[in-house]
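Student: Structure here, sequence nowhere to be found:
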């Protein structure tokens, strides 16, 4: 049996390309004691991967060259030499861009068993997985959303932003999203139940964007969840109420290395704002609570989500590049089986 893998073999000079990755096919070695063999059903593609491709100082080490590209996976144990896992167990882990992975079952947090009869397998990589917990943590622990407040979120139709808005509504807040194009804004409004959506593609200059946001948030913004940076963040800072809170999760507009200047950084002082960046993997103590909450909402059908699924390991690079350009709708996955 062989395993197809994508390796990162070069670093992007500016924009990432498919040429940065190389597909190889290698035999699968025999298991050692304490190891399990996982067949991946789905690979998660996420914006953070672009930052890991750079050899620069960041919150995590860069992706090593000539090794399997990092990535979350959901799959099934097909062979085990560990008493903790049996063939047939459904598991979630960080198997990377490959069809199979051999995992040390004794490594803490390396694999997590999931109940795929209650929640569809792909959801464990999205709304009921890392993106969902990211949304949950930023909204509850940094923004501290309360009923009656106005909460804004960029990339509102994406895997994280869509959860932020729905949880905000469940808390009794007014939810305002930013998305690109009428189709995505229609989804945010009509399917996810946001109160307003600002189409940043329609409002290309700062004044137009500010006016659209002012119309959507006439009483200002109490909390904001930032995934993109740039013009959207500038507009939001101009509409933040005093003592507002901003959870900074991503800056996808700067993943190609370009600086992302703030137009009016003095607003942080004059409005006495809290801006806090966070990495959800540094807050593992909240994951059980967050996953229980998210899983219950997904199982009950009250937390909606959408997925874009590419087919086959060979499709991973182009699907990833499309994600960075906003071509996906909701959570981007690759189906591997």
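Tutor: Arrived safely, thanks for sending. In this text the structure is predicted, and so the values were computed from the model without any measurement.
Student: Show the average pLDDT along stretch 54-66.
Tutor: For stretch 54-66, the mean per-residue pLDDT is 88.
Student: again, but for stretch 207-218
Tutor: So the average pLDDT for stretch 207-218 ends up being 96.
Student: Buried residues in it, which are they?
Tutor: 209, 210, 212, 213, 216, 217 (16 or more other C-beta atoms under 10 Å). C-beta: built from backbone N, CA, C; applies to glycine.
Student: What of stretch 30-42?
Tutor: In stretch 30-42, the ones that count as buried by 16+ other C-beta under 10 Å are 35, 36, 37, 38, 39, 40, 41, 42.
Student: got a list of contacts for it?
Tutor: With C-beta atoms under 8 Å, 6 or more residues apart in numbering as the test, stretch 30-42 has contacts from 28, 73-82, 85, 91, 93, 95, 98-106, 111, 121-122, 125, 309, 333-337.
Student: let's go with 7 Å and repeat that
Tutor: With C-beta atoms under 7 Å, 6 or more residues apart in numbering as the test, stretch 30-42 has contacts from 73-82, 85, 91, 93, 95, 98-106, 121-122, 125, 333-337.
Student: same thing with stretch 177-197?
Tutor: Residues contacting stretch 177-197 (C-beta under 7 Å, 6+ apart): 153-154, 156-157, 161-162, 165-166, 169, 174-176, 198-201, 216, 232, 304, 306, 326, 329.
Student: For the closest residue to residue 135 other than its chain neighbours, which residues are in contact?
Tutor: Once flanking residues are discounted, residue 135 sits nearest to residue 163: 3.6 Å by C-beta to C-beta, 6 or more residues apart in numbering. The contact partners of residue 163, taken as C-beta under 7 Å, 6+ apart, are 127, 131, 132, 135, 303.
Student: Surely residue 163 is within a helix?
Tutor: Yes - secondary structure assignment places residue 163 in a helix (DSSP: H, G, I helix; E, B strand; the rest coil).
Student: ok, residue 76 - contacts?
Tutor: Residues in contact with residue 76 (C-beta under 7 Å, 6+ apart) are 38, 39, 41, 88, 89, 90.
Student: so the last one touches residue 116, yeah?
Tutor: Yes - Residue 90 lies in contact with residue 116 (C-beta atoms under 7 Å); the separation is 4.3 Å.
Student: mind giving me TSV with the contacts of residue 76 and columns for secondary structure?
Tutor: Shown next, in TSV, are the contacts of residue 76 (three-state DSSP):
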residue	secondary structure
38	strand
39	strand
41	strand
88	coil
89	coil
90	strand
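Student: Pick out whichever of those residues sits closest to residue 265.
Tutor: Looking at the contacts of residue 76 and their distance to residue 265, the nearest is residue 41, at 45.2 Å (C-beta to C-beta).
Student: Past the worst-scoring helix or strand of the chain on mean pLDDT, which element shows up next along the chain?
Tutor: Across the helices and strands of the chain, mean confidence by mean pLDDT, DSSP states H and E is lowest for helix 48-52: a mean of 92. Next helix or strand after helix 48-52 toward the C-terminus (DSSP states H and E): strand 67-68.
Student: gap between the most centrally placed residue in the chain and residue 18?
Tutor: Geometric centre of the chain, nearest residue: residue 131, 4.1 Å, by C-alpha atoms, centre = their mean. Applying C-beta to C-beta, to the nearest Å, the value for residue 131 to residue 18 is 24 Å.
Student: again, but for residue 106
Tutor: Counting by C-beta to C-beta, the gap from residue 106 to residue 18 is 36 Å.
Student: Same question for residue 271.
Tutor: 43 Å.
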